[in-house]
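Chemist: Model the following, please.
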Amino acid sequence: MVEFRIASKSDNLGLLELTSSVSMEGNISLRIDRNPDFFKILELRGKSLVIIAEENQKIIGAVCASLQNCYIDGKLYPVQYVGDFKVLKSYRNKGVGMKLLSVLAAKLYELDFDLVFFNFSKGNKKPVSFSKNKSEYTNFENIGLFTVYQFIGKQFKWSNPDYTIEVSEISEELIAFIGAKYQRYDLRTPITNIQLEGTSIYTICYKGTLIGAMSIIDTMPIKQNVVIKVSWKLNLMLKLLNVVNPIFGFSKMPTLNQPVKMIYIKYLAINLSEKKALKLLIDHARNIAYNKSYSFVSIGCHEKDPLQQHFSKILKFTFNSIGMLTSLKNNQNLIDKVKSGIPYEDFSLV
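Modeler: Numbering: from 1, shown residues only. Have a look, this model is predicted:
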């Protein structure tokens, strides 16, 4: 008999085993391992709740919700970020997944929460069928496509005597600078010391004047993205790149069933008119990835984010996901505001 309950720290090993057994199906199939501590990344997301399904003391499914206070149209609202929705293949199409969502939804209703957000890989049909399924609870709405850009690391970087890039410490001035640049995004959390702790911050100045900042985080110690399936064309391309990349000074490409080594750009705060400075910052990040023997530096952007227009000429791979949002209290006005704006998602925590 399958039972459902709230997970505790003692379930860490079982949750790690579940995670390593379930992949994210899509145009590119991924498995996201969470060694050595399943709960570590949840602590970074916010106060979290994990619902598990188990049979004979074996965890066969799970879903998580993490509380984040997010801006929508300039005001803060509590938003539950739902993730890590996984069911062992042998238990699918038996109602386990739907029951997990029902138990989670009931708990969120009990706690009087409203907005719930999740995303899933483009090409994965199952979450769409769940979100459109008429139930006693609610339906999710599509808030648009997010693209994760994975820029290939490079040995050599551009330089310009008018621009200087330096490592910076967290300061009130820097927090205010980044916060001002991210005011246009919805579903963003307030930028504080907490959001920047554990990241490496780089600032760029033009003739001594601060014009941009970039926050980079390495989450390899707490999560590992493993590509388990790609098209034969992409697989061939990766192999060919590994032949020629040493000649051109680019990073080694990942291989199937091995962790993809990458760092993430968490925040990139700069006026888009500063094209040279933007390119220098991205170049700097790519060089950091190369020097760490990593394949990529990654950043995620919503389809309406004008930032992505500046990535067209950079050597990269892309990974697409779809954002879904619902209001448990039928607050359509809030959902419409998010859909009309530019949503933000921190893909380093996905």
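Chemist: got the buried residues for the helix or strand hosting Gly323?
Modeler: Following DSSP states H and E, one finds Gly323 within strand 316-327. For strand 316-327, a neighbour-count test (16 or more other Cβ atoms under 10 Å) marks Lys316, Phe317, Phe319, Asn320, Ser321, Ile322, Gly323, Met324, Leu325, Thr326, Ser327 as buried. All C-beta atoms are positioned from the backbone trio N, CA, C, and that covers glycine.
Chemist: Show residues contacting it.
Modeler: 26-28, 30, 114-122, 127, 131, 138-152, 296, 302, 334-335, 338-339, 343, 345, 350 (Cβ atoms under 8 Å, 6 or more residues apart in numbering).
Chemist: Give me the next element, helix or strand, following that strand.
Modeler: helix 332-340.
Chemist: Which secondary structure elements does that following helix sit against?
Modeler: Contacts defined by 3 or more Cβ pairs under 8 Å, 6 or more residues apart in numbering; DSSP states H and E place helix 332-340 against strand 58-72, strand 141-152, strand 316-327.
Chemist: Of all the ones you listed, which one is nearest Lys181?
Modeler: strand 58-72 (13.3 Å; Cβ to Cβ).
Chemist: Phi and psi next, for Gly300.
Modeler: phi -110, psi 140 (degrees, to the nearest 10).
Chemist: quick one: average pLDDT of the strand holding Gly323?
Modeler: Per-residue pLDDT over strand 316-327 has a mean of 92.
Chemist: Assign a three-state SS to Gly14, would you?
Modeler: Under the three-state scheme (DSSP: H, G, I helix; E, B strand; the rest coil), Gly14 adopts helix.
Chemist: residues in contact with the spatially closest residue to it that is not a sequence neighbour?
Modeler: Counting by Cβ to Cβ, 6 or more residues apart in numbering, Gly14 lies nearest to Ile59, which is 3.9 Å off, once chain neighbours are set aside. By Cβ under 8 Å, 6+ apart, Ile59 lies in contact with Asp11, Gly14, Leu15, Glu17, Leu18, Ile52, Ala53.
Chemist: Direction included, what does the helix or strand hosting Val116 pair up with?
Modeler: Assigned by DSSP H and E, Val116 belongs to strand 115-121. Applying DSSP bridges to the sheet, strand 115-121 is found paired with strand 75-87 (parallel), strand 316-327 (antiparallel).
Chemist: can you list the domains in the chain?
Modeler: 3-145+323-342, 150-223+244-319 (automatic domain parsing).
Chemist: Mind checking those for the one nearest to Trp232?
Modeler: domain 150-223+244-319 (11.5 Å).
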